[in-house]
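pasting the structure only:
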């Protein structure tokens, strides 16, 4: 099933993507992430019997409303580690992103005025479906509610201001998640061998396979849950293959007006237009005033 979180008529709803449009779930699952997460974790069938909303009438939101934790894995593809001059890790590089750093499919990626080094990163992300603490890799896939696309937008100069990457990874709306949450039964076990690409203005700049991850999905869940309790709605972004902008000669960075697409085989295409902070902020202010 392809689950979509979207806004329509001033309401935030959950539904399933169908050939006819976005069909909402019936009952509490149509509006409550907690109810939906419990159903996904238990592999219960969802009541896909609500009204259909045409795609063009809905604004797609990140699959999870305000994730509690967005756990990101760095240097998880050997070719990407090498292009950045890093040794292959024996333990994953882990950092966190905040919910305010994420936007949804079709929404602008915001380029802040303080940096000219806005980079793209195509990543597979998994969404946790049930509470998990010190889960073994052999049991880890039972914790996954589904998979989606992630663009780990990075301000490289801020990322390198210190030994920690947090500041360069958390500018408001610099990353994107979506468009759909694809349930595990739609994909190979543990996502297997899926093609993952990034395109900027139609030009393919990253082209990798999920089989090339150094640490697999089950291994990452085991490693992360050894340290922190994973909860429904938490996100783990599994790293990016080679081809990022900073490693190119000359470097390729995103700028206002660019279109960035992240595509993962069997999951879909996450598409965002890059916009300046100045261009986006007035629209948001007008929208807030209209709601008052």
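Alright, I've got the coordinates. These numbers come from a predicted model, not from an experiment.

okay, CA-based contacts and neighbour counts for the rest of this
Will do.

now for residue 55: which residues touch it?
21, 22 (CA atoms under 8 Å, 6 or more residues apart in numbering).

actually residue 123, sorry about that
149, 150, 151, 152, 196, 237, 238, 239, 240, 241, 262.

now the fifth one, which residues is it bridged with?
Residues found in beta-bridge contact with residue 196 (criterion: DSSP bridges) are residue 208, residue 264.

returning to what we had before: could you dump the contacts of residue 123 to CSV with secondary structure and distance to residue 143?
As requested, the contacts of residue 123 are exported to CSV (DSSP: H, G, I helix; E, B strand; the rest coil; distance: CA to CA, whole Å):
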residue, secondary structure, distance to residue 143
149, strand, 18
150, strand, 19
151, strand, 23
152, coil, 23
196, strand, 23
237, strand, 15
238, coil, 15
239, coil, 19
240, coil, 22
241, coil, 25
262, strand, 25
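
what count of nearby residues applies to residue 181?
For residue 181, the count of nearby residues is 27 (other CA atoms under 10 Å).

residues contacting it?
2, 3, 4, 63, 146, 147, 148, 267.

go with 10 Å
By CA atoms under 10 Å, 6 or more residues apart in numbering, residue 181 lies in contact with 1-5, 16-17, 62-64, 125-127, 145-149, 267-268.

state the distance from it to residue 267.
8 Å (CA to CA, to the nearest Å).

which residues are common contacts for those two?
Common neighbours of residue 181 and residue 267 (CA under 10 Å, 6+ apart) are 2, 146, 147, 148, 149.

the last one: what's it in contact with?
By that I understand residue 149. Contacts of residue 149 by CA under 10 Å, 6+ apart are 63, 105, 122-126, 176-182, 196, 237, 261-265, 267-271.

show me what it bridges to in the sheet.
Under the criterion used (DSSP bridges), residue 149 bridges to residue 124, residue 178.
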